[in-house]
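# need coordinates for the below:
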Amino acid sequence: MRVHLIDALTESQIDEAVELIVNTFCNDEGEIEELVMKCYTGNNTDILKLYARAMVQAANLVGHIFVTTEGDLWPAPMISAAFCWEPGQSLWATKEQREAGFDQLSAAISPDTRVFWGEIKQVGDTLKAEHGLSSMPTDTFYVNMLVTDRHFQHRGFGTAVMKAVLAFAAKDGRGWDVGLITQSPENVRDSTRRVQRSNSLRFSEIEPYGDFVTMFVFDPYKTV
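Numbering: from 1, shown residues only. I've put the predicted structure just below:
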């Protein structure tokens, strides 16, 4: 396997990345399985597709996209991917990002789903305040989404992406912290344990907040 840092996805690759995200959160019958993602989307796969596209297109504009493939060559089928924003940037924080898909997503969600989004934002703001994280981090490289095709999970593809993310954050003396937010804690624990064993690295896990026990935030880890 190999991890590629992608300069820019083509339109067909954006479609593939969207499909990867959707397939990660859905079972073989196309039903959304993750509790928090059900709430984010109102348990609506069409909304999930809009959510995934807004995420991918925003990262393609101003973020960084890491993709794992089975072989060394790119382009090739995507097995795992991470969508990241460097210090001083944030997901959907700019008009350019919002116009690339978020505005369409926002217009499509139901009133109840919109209320949930507001509640989750309050949870996130509280967590950041409690753990000294700013809303627009100046020294944190945030992984806003890490996904692996469900048919390839627990085989090291997500771990490979995390290793590449950590190496990128430490490259050329950057010394950025790395923050990871997830709705799939067991998968992330597995990946971080693998990274810890192989690289002697450590993530500090913040406890679940509120009723949504699958919502975790990982403290930034200083990479140098």
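# residue nearest the centroid of the protein?
Most central in the chain under CA atoms, centre = their mean is residue 145, positioned 0.6 Å from the mean C-alpha point.
# skipping adjacent residues, who's closest to that one in space?
Closest residue to residue 145 apart from its sequence neighbours, by CB to CB, 6 or more residues apart in numbering: residue 83 at 4.6 Å. (Each C-beta comes from the backbone N, C-alpha and C, glycine too.)
# just checking, the one you found is part of a strand?
Yes - following the definition DSSP: H, G, I helix; E, B strand; the rest coil, residue 83 is counted among the residues of a strand.
# one step back: the residue nearest to the centre of the chain contacts residue 51, correct?
No - Residue 145 lies out of contact with residue 51 (CB atoms under 8 Å); the separation is 9.7 Å.
# please enumerate the shared neighbours of these two.
Counting by CB atoms under 8 Å, 6 or more residues apart in numbering, the residues touching both residue 145 and residue 51 are residue 21.
# just the helices in the protein please.
Secondary structure of the chain (DSSP state H): helices located at 11-25, 35-41, 45-62, 95-97, 103-108, 111-130, 157-170, 185-199.
# what residues are up against the residue nearest to the centre of the chain?
21, 55, 81-83.
# ok, and the most crowded of those?
Taking other CB atoms under 10 Å as the neighbour criterion, residue 81 ranks highest of the contacts of residue 145 with 28 neighbours.
# circling back to that earlier point, residue 139: which of the helices of the chain is closest?
Smallest distance to residue 139 across the helices of the chain (CB to CB): 10.1 Å, for helix 157-170.
# buried sites along the closest one?
Of all the residues in helix 157-170, those buried under the rule 16 or more other CB atoms under 10 Å are 157-166, 168-170.
# residue contacts, residue 141?
Taking CB under 8 Å, 6+ apart as the criterion, residue 141 is in contact with 84-87, 165, 168-169, 176-179.
# quick one: the residues you listed as TSV, columns for pLDDT and distance to residue 27 too.
TSV is the format used below for those (pLDDT from 0 to 100; distance: CB to CB, whole Å):
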residue	pLDDT	distance to residue 27
84	95	27
85	94	29
86	92	34
87	88	36
165	91	27
168	93	32
169	89	33
176	83	36
177	79	35
178	81	30
179	78	29
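# closest one of the residues you listed to residue 107?
Of all the contacts of residue 141, the one with the least separation from residue 107 (CB to CB) is residue 85, at 23.2 Å.
# quick one: contacts for that closest one?
Residue 85 makes contacts with 59, 62-64, 91, 141-142, 144, as judged by CB under 8 Å, 6+ apart.
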